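In: structure for the following, please:
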Amino acid sequence: MSTLVIALPDLLRSLHTGLLEVVWVLLSYLLAQTALVLSAGRLSDIYGRKLLYAEGFGLFTVMALASGFAGAPLLLIALRVLAGCGGALMLANSGAIVTDAFPRRELGLALGINAMVIAVGAAIGPVLGGWLTSFGWQWVFWFNVPLGVLGTIASVVVLHDIPTARRHQGVDWLGNLVFLVALTGLLVALSMGGIEGWTHPAVVTGAVLFVLATPLFFWLQTIVSDPLLDLALFRKRLFAVANLTQFLNGLARMGLLFLLVFFFQGPEGKAPVIAGILVLPLPIGMFLFSPISGFMSDRIGSRLPSTAGLVLSGVGLLGMSATISVGVSYPLLALWLGITGAGAGLFNSPNASSIMASVPPAQRGAASGIRMLVAFIGSMISIAFVLAIVTSSLPKAAMLRIFSGVASGLAAAEVAPFITGVRIALLVLGLISVLSAPLSLLRGPEESRRYTTTPIVAA
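Out: Numbers count the residues shown, from 1 in each chain. Sure thing, here's the model as predicted:
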């Protein structure tokens with residue numbers, strides 16, 4: 001994901017397309033992941049996690065190969081949708097696989113290491129993506145192919161399912177469809193509004209679909225025998241609050257990388273690989289603090305480290321909002337990026353472990369799917385939301401030059417609306433993070449994991 005984000009300006013130039021199509025190359029993958037992640041989690045509880053995980057890895061790999069040959073934006077978007085289906089099968093199961101494999105007393109540390117490895121990918125991605133674009137945007141997709149082949153083989157050879165009490169249950173495909181309609185409508189409205197105008201027929205149609213389909217989806221979940229979203233899980237306060245803060249954290253953080261990529265390659269005029277290096281403090285902060293916070297949560301619970309992480313992320317985002325400008329002192333910007341990344345690292349592992357430890361083994365696939373669902377929804381809305389803020393006041397000509405990374409000839413007055421939009425977006429994201437901290441404190445009591453000596457599953 002981070003590899004592709006850094007290559008978006010080059011993709012816009014190379015495919016001779018518009019900003020909206022390029023943004024949907026990113027959003028379509030997230031949308032497919034989000035739409036299927038709950039069903040994938042449910043299916044893993046029925047049929048086992050290993051098979052679905054391996055199939056997801058294989059599908060993702062094939063679509064990565066095909067994406068490099070796509071010569072038109074709409075074809076690339078379609079292939080990204082299929083790749084997102086593979087991603088859903090992987091990510092819905094990843095947290096459940098880790099939870100199955102470790103005793104409760106080590107769950108926070110295990111998920112912290114898992115988050116640390118994700119941070120490594122997030123750190124390598126922008127630099128690698130910037131370097132790969134020098135050979136052509138196709139390599140941003142093709143480099144995944146050998147990794148995907150190895151990952152698919154490893155998942156077949158290394159992973160194994162554990163025996164759990166699985167009951168035969170159906171999959172709520174109608175709920176899946178209504179949910180997809182609601183989410184697509186929201187994303188279309190947000191992503192197009194700032195670019196095409198808020199009265200554009202597609203924007204209005206998307207907003208109407210979201211307003212109508214959302215309550216219909218929740219109503220369906222109360223009447224079907226096997227709902228897509230098991231609302232009963234949310235009766236437990238710990239599970240409900242942890243997932244809500246997961247959504248708010250995704251909402252506050254995902255748009256940041258999106259903004260910085262275009263800031264560094266647009267007004268700052270940096271090459272893609274340099275832009276990738278300049279965003280490194282963000283994933284490095286995540287890398288350093290994820291295992292520490294996971295270890296802490298095994299001993300003191302998730303409330304304090306998760307809440308501290310939200311506050312710290314908010315402070316970093318607010319600091320960036322106050323200081324970012326053309327020609328900004330990079331060490332100062334790097335400091336705020338590092339603080340934001342450290343906050344994300346502090347939050348993710350304890351919050352994930354509290355969600356996964358709050359459900360019985362037979363529901364871990366569903367719980368993992370819900371956790372990823374709320375994170376994905378937050379991430380997608382964050383990208384579309386900051387795009388709407390930044391583009392609303394930009395003339396189209398200046399917007400295309402900035403987002404395609406060729407803004408060096410623009411006058412300061414033409415760039416100023418973009419910088420103002422970035423500052424406003426970062427301010428809003430920072431406030432969301434800080435204001436979600438009191439909510440995090442309201443999570444209910446947790447079962448102690450520290451003194452559990454009997455693993456859930458034998459090796």
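In: point out where this protein drops to low pLDDT.
Out: For the chain, the stretches with pLDDT under 70 are 163-170, 365, 405-409, 444-459.
In: domain map for it?
Out: Using automatic domain parsing, the domain ranges for the chain come out as 2-171+228-440, 172-227.
In: would you list the ones you listed in a markdown table and tack on mean neighbour count?
Out: Where C-beta positions appear, they are placed from N, C-alpha and C, glycine not excepted. Shown next, in a markdown table, are those (neighbours: other CB atoms under 10 Å):
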| stretch | mean neighbour count |
| --- | --- |
| domain 2-171+228-440 | 21 |
| domain 172-227 | 17 |
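In: hmm, who's touching the helix or strand containing Pro215?
Out: Using DSSP states H and E, Pro215 sits within helix 201-223. Contact with helix 201-223 is made by 172, 174-175, 178-179, 181-189, 192-193, 196-197, 227-229, 231, as judged by CB atoms under 8 Å, 6 or more residues apart in numbering.
In: so which of those belong to helices?
Out: Members of the contacts of helix 201-223 lying in helices (criterion: DSSP state H): 174-175, 178-179, 181-189, 192-193, 196.
In: can I get stretch 114-134 in CSV, CA atoms only?
Out: What follows is stretch 114-134 as a C-alpha-only set of coordinates in CSV (Å, rounded to 0.1, in the frame of the first residue of the first chain):
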residue,chain,number,x,y,z
ASN,A,114,3.0,-8.4,14.1
ALA,A,115,2.5,-4.7,14.0
MET,A,116,6.2,-4.1,14.0
VAL,A,117,6.6,-6.2,10.9
ILE,A,118,3.8,-4.2,9.3
ALA,A,119,5.7,-1.0,10.2
VAL,A,120,8.8,-2.4,8.5
GLY,A,121,6.7,-2.8,5.3
ALA,A,122,5.4,0.7,5.8
ALA,A,123,9.0,2.0,6.1
ILE,A,124,10.4,0.1,3.1
GLY,A,125,7.3,0.8,0.9
PRO,A,126,7.7,4.5,0.2
VAL,A,127,11.5,4.3,-0.5
LEU,A,128,11.1,1.2,-2.6
GLY,A,129,8.1,2.7,-4.5
GLY,A,130,10.0,5.8,-5.2
TRP,A,131,12.9,3.8,-6.6
LEU,A,132,10.7,1.4,-8.6
THR,A,133,9.0,4.3,-10.4
SER,A,134,12.3,5.1,-12.0
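In: so Ile432 is in which element?
Out: With DSSP H and E as the test, Ile432 turns up in helix 412-440.
In: counting by contacts, list what that helix packs against.
Out: On a contact count with 3 or more CB pairs under 8 Å, 6 or more residues apart in numbering; DSSP states H and E, helix 412-440 meets helix 237-265, helix 303-323, helix 364-392, helix 396-403.
In: tell me the contacts of Ala32?
Out: Contacts of Ala32 (CB under 8 Å, 6+ apart): 80-85, 87-88.
In: now the closest residue to Leu257 other than its chain neighbours: how far from Gly341?
Out: Closest residue to Leu257 apart from its sequence neighbours, by CB to CB, 6 or more residues apart in numbering: Val5 at 5.7 Å. Note on Val5: its distance to Gly341, by CB to CB, to the nearest Å, is 15 Å.
In: same check on Gly41?
Out: The value you get for Gly41 to Gly341, if CB to CB is used, is 28 Å.
In: again with Phe69
Out: For Phe69, the distance to Gly341 - CB to CB - is 35 Å.
In: again, but for Phe217
Out: Look at Phe217 and Gly341: by CB to CB, they are 34 Å apart.
In: and stretch 98-114, how far out from the chain's middle?
Out: For stretch 98-114, the distance from its own C-alpha centre to the chain's C-alpha centre is 21 Å (CA atoms, centre = their mean, to the nearest Å).
In: endpoints of that stretch, how far apart?
Out: 8 Å (CA to CA, to the nearest Å).
In: in contact with the residue lying closest to Arg253 once chain neighbours are set aside, which residues?
Out: Distances taken as CB to CB, 6+ apart put Ala344 closest to Arg253, at 5.9 Å, once the chain neighbours are dropped. Residues near Ala344 by CB under 8 Å, 6+ apart: 249, 253, 282, 285-286, 289, 309, 313.
In: okay, and Ile277 sits in which element?
Out: Ile277 belongs to helix 272-278, assigned by DSSP H and E.
In: I'd like to know which elements that helix is packed against.
Out: Counting by 3+ CB pairs under 8 Å, 6+ apart, helix 272-278 packs on helix 2-14, helix 107-132, helix 237-265.
In: quick check: which of these is nearest to Met63?
Out: helix 2-14 (12.7 Å; CB to CB).
In: how near is Thr420 to Leu251?
Out: Taking CB to CB, one finds Thr420 at 21 Å from Leu251.
In: dump the helices and strands packed on helix 272-278 to JSON lines, plus distance to Ser349.
Out: Output for the helices and strands packed on helix 272-278, formatted as JSON lines (distance: least, CB to CB, whole Å):
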{"stretch": "helix 2-14", "distance to Ser349": "19"}
{"stretch": "helix 107-132", "distance to Ser349": "4"}
{"stretch": "helix 237-265", "distance to Ser349": "12"}
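In: out of those helices, flag the one nearest Met296.
Out: That would be, of the helices and strands packed on helix 272-278 and by CB to CB, helix 107-132, which comes in at 7.3 Å.
In: from the chain's centre, how far out does that closest one sit?
Out: 13 Å.
In: I'd like the next helix or strand past that helix.
Out: Following helix 107-132 toward the C-terminus (DSSP H and E): helix 138-142.
In: quick one: name whatever helix or strand follows that next one.
Out: helix 144-158.
In: what angle do helix 2-14 and that next one make with each other?
Out: 150 degrees (axes from the mean of the first three to the mean of the last three CA atoms, to 10 degrees).
In: tell me the contacts of Leu12?
Out: By CB under 8 Å, 6+ apart, Leu12 lies in contact with 18-19, 22, 400, 403-405.
In: Arg364 now?
Out: Counting by CB under 8 Å, 6+ apart, Arg364 has contacts 45, 95-96, 99-100, 356.
In: which of these sits closest to Pro331?
Out: Nearest to Pro331 among the contacts of Arg364, with distances taken as CB to CB, is Gly95, at 36.0 Å.
In: element containing the closest one?
Out: Following DSSP H and E, the helix or strand that holds Gly95 is helix 73-101.
In: now for that helix, which elements pack on it?
Out: By 3+ CB pairs under 8 Å, 6+ apart, helix 73-101 packs against helix 19-47, helix 49-67, helix 107-132, helix 330-357, helix 364-392.
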